[in-house]
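In: give me the fold of what follows.
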Amino acid sequence: MITLNVNGRDMQVDADPSTPILWALRDNLNLTGTKFGCGAALCGACTVHMNGAPVRSCVTPIAAAVGQKITTIEAMENDVVGKALQDAWVRHDVPQCGYCQSGQVMSAAVLLRTNKHPTDADIDGAMNGNICRCGTYQRIRAAIKDAAKTLA
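Out: Residues are numbered from 1 along each chain as shown. Have a look, this model is predicted:
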């Protein structure tokens with residue numbers, strides 16, 4: 001058994017230490033908000049926070065997460081920045097298919113924690129690597145700016 005701190009709680013995972021965090025979250029802990037996209041850390045759908053930094057959970061083994069704090073999209077509604085982003089996402093009608101959105105919100109949350117007034121270039125840089133097949137990038141940018149104003 002491996003103990004992981006997920007969303008502020010210690011949870012037991014019965015898995016091989018090389019198992020990617022993504023599968024421990026989804027299969028062992030039933031936290032299915034984090035999505036599998038590419039399996040190669042290229043699309044961002046699997047983004048979670050580890051100690052506040054965005055990580056691609058599809059390629060990060062649970063062994064690397066022992067003793068770390070993992071935050072998933074499920075905890076964002078109870079987080080000031082996460083809630084502001086989720087509300088802005090709704091106001092701007094960001095999702096179409098919605099598949100990539102949890103990873104998008106997770107990356108955007110890290111940006112707004114470190115940059116209260118991001119420019120378009122800041123947003124593009126922070127969101128680089130989060131792919132939206134529906135092409136809602138303009139709405140994502142608008143929602144991030146809206147959330148930043150709400151948090152100001």
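In: ranges for the helices of the chain?
Out: 21-23, 80-91, 101-114, 120-127, 137-151 (DSSP state H).
In: can you redo these as CSV with distance to Gly39, mean neighbour count and mean pLDDT?
Out: Where you see a C-beta, it was placed from the backbone N, CA and C, and this is true even at glycine. Shown next, in CSV, are these (distance: least, C-beta to C-beta, whole Å; neighbours: other C-beta atoms under 10 Å; pLDDT from 0 to 100):
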stretch, distance to Gly39, mean neighbour count, mean pLDDT
helix 21-23, 9, 24, 98
helix 80-91, 25, 19, 97
helix 101-114, 13, 23, 97
helix 120-127, 20, 15, 97
helix 137-151, 23, 19, 97
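In: nearest to Ala45, out of those helices?
Out: Taking C-beta to C-beta, helix 101-114 is the member of those nearest to Ala45, at 4.5 Å.
In: pick out the residue nearest the middle of the chain.
Out: Met106 (2.7 Å; C-alpha atoms, centre = their mean).
In: got a list of what the nearest residue in space to that residue that is not next to it in sequence touches?
Out: Leaving aside its sequence neighbours, Met106 sits nearest to Thr47 (C-beta to C-beta, 6 or more residues apart in numbering; 4.3 Å). Thr47 makes contact with 34, 54-57, 102-104, 106-107, 130, according to C-beta atoms under 8 Å, 6 or more residues apart in numbering.
In: okay, those in CSV with distance to Ala147 next?
Out: Below are these laid out as CSV (distance: C-beta to C-beta, whole Å):
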residue, distance to Ala147
Thr34, 20
Pro54, 16
Val55, 21
Arg56, 23
Ser57, 23
Ser102, 15
Gly103, 16
Gln104, 12
Met106, 13
Ser107, 13
Asn130, 15
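In: which one of the helices of the chain lies closest to Leu42?
Out: helix 101-114 (11.4 Å).
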